[in-house]
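*Asks:* What follows is a protein structure lacking sequence information:
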C-alpha cells in the first residue's frame, strides 16, 4: 500500500508512531537516568533543568540526524547513493554514542521501529534501508529510523522532528516517574514547560547535516552514568 495523500491520515500515522505505547520496548530504557537517580545526582527538583539541558545537547544531536534521515527518506530509491548515505548516517551517529548500553538501546529501538513499520505496509525504501544496514553490519538508530519513516510516509520534516523529540522527552519523564517520587501532575507540568525548548531544538537542528564538523554533543555525566549502569546492584531498566 502506498502512503495515502490525505493529510489527516498522515497526522494520525505520526501520532501512532510517536505514541509511548508503540510496542518497540521504549519503556525498558532510561539512557543513564537510572544510575543518576540511584546516585542522587538528579532529583525531582532538578529534573526540569536537567531535561532541558538534555534536549539542548542529546536532543539537538538526535534531531539533526532524525531530520537528515527524513530528507533521505523523501528521496528514496531515486537517490542512487541512498544505501551508502543511510549506512554513513548511522555509522556516524554510533560514533557520537560512546556508552555501549545507550548505543545498543538506541539501535535496538531503531531496529524494532523499522521492523514494525515494515509490517504495517509495503514501502520498498524501508526494505532497501533494512537490507543495506544488515549487509554493512551497521546499527540502525531510533532517531534515524524515525526520520527515515517520516520521509517515506511524507509526514513533514518539522512535524517528524517535533514528534521524535516529544516522544524522547515523554519516555525520559515516564522513566523518572518509576525512579523517583514524581507524580502525574508534576510530570505533566514538566512536559508542558519544555514545549518551547522542544520547538527551539527542532529549529536549531533543522538545517544541520549529519557530516557537519560543528555538530557536537557534550553529555559526559549522562554517558558515564550509562557506562556505570551495569554495575548497579539492582536495575529496573536495561539501560
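*Replies:* Yep, it's here. Computed from a predicted model, the values in this text were never measured in an experiment.
*Asks:* from the chain's centre, how far out does the longest helix along the chain sit?
*Replies:* Criterion DSSP state H: the longest helix present in the chain is helix 157-179. Chain-centre distance of helix 157-179: 8 Å, with C-alpha atoms, centre = their mean, to the nearest Å.
*Asks:* same question, stretch 12-21
*Replies:* Going by C-alpha atoms, centre = their mean, where stretch 12-21 is centred and where its chain is centred differ by 13 Å.
*Asks:* Also stretch 186-203?
*Replies:* Distance, centroid of stretch 186-203 to centroid of chain: 16 Å (C-alpha atoms, centre = their mean).
*Asks:* Surely residue 47 and residue 182 touch.
*Replies:* Yes: judged on C-beta atoms under 8 Å, residue 47 makes contact with residue 182 at a distance of 7.0 Å. Where C-beta positions appear, they are placed from N, C-alpha and C, glycine not excepted.
*Asks:* ok, residue 238 - contacts?
*Replies:* 28-29, 101, 105 (C-beta atoms under 8 Å, 6 or more residues apart in numbering).
*Asks:* Now for residue 47 and residue 182: what residues contact both?
*Replies:* Common neighbours of residue 47 and residue 182 (C-beta under 8 Å, 6+ apart) are residue 176.
*Asks:* Could you grab the helix/strand/coil label for residue 238?
*Replies:* Counting by DSSP: H, G, I helix; E, B strand; the rest coil, the backbone at residue 238 sits in coil.
*Asks:* What count of nearby residues applies to residue 231?
*Replies:* 8 (other C-beta atoms under 10 Å).
*Asks:* What score does it have for pLDDT?
*Replies:* On pLDDT, residue 231 comes in at 92.
*Asks:* what does the one 3 residues further on give?
*Replies:* What the model reports for residue 234 is a pLDDT of 90.
*Asks:* Specify the local secondary structure of it.
*Replies:* coil.
*Asks:* From residue 64, how far off is the most centrally placed residue in the chain?
*Replies:* Central residue of the chain (C-alpha atoms, centre = their mean): residue 143, 3.6 Å from the mean position. For residue 143, the distance to residue 64 equals 9 Å [C-beta to C-beta, to the nearest Å].
*Asks:* Sketch out the low-pLDDT regions of this protein for me.
*Replies:* Within the chain, the stretches with pLDDT under 70 are 1-5, 210-214.
*Asks:* now do 80
*Replies:* Low-confidence segments of the chain (pLDDT under 80): 1-5, 77, 208-215.
*Asks:* on that earlier part again, which of the contacts of residue 238 are buried? Put it as a PyMOL command.
*Replies:* Burial among the contacts of residue 238 is assessed by 16 or more other C-beta atoms under 10 Å; the matching PyMOL selection reads:
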select buried, resi 29+101+105
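*Asks:* wait, residue 71 sits on residue 156?
*Replies:* No: contact criterion C-beta under 8 Å: residue 71 and residue 156 do not qualify, at 11.9 Å.
*Asks:* ok, back up a step: helix, strand, or coil at the residue nearest to the centre of the chain?
*Replies:* helix.
*Asks:* do you know how far it is from residue 109?
*Replies:* Residue 143 is 9 Å from residue 109, by C-beta to C-beta.
*Asks:* Where does residue 103 fall, secondary structure wise?
*Replies:* According to DSSP states H and E, residue 103 maps onto helix 100-120.
*Asks:* and the helix or strand that that helix is followed by, what does it pack onto?
*Replies:* Once helix 100-120 ends, the next helix or strand along the chain (criterion: DSSP H and E) is helix 124-136. Packing partners of helix 124-136 (3 or more C-beta pairs under 8 Å, 6 or more residues apart in numbering; DSSP states H and E): helix 82-95, helix 100-120, helix 142-152.
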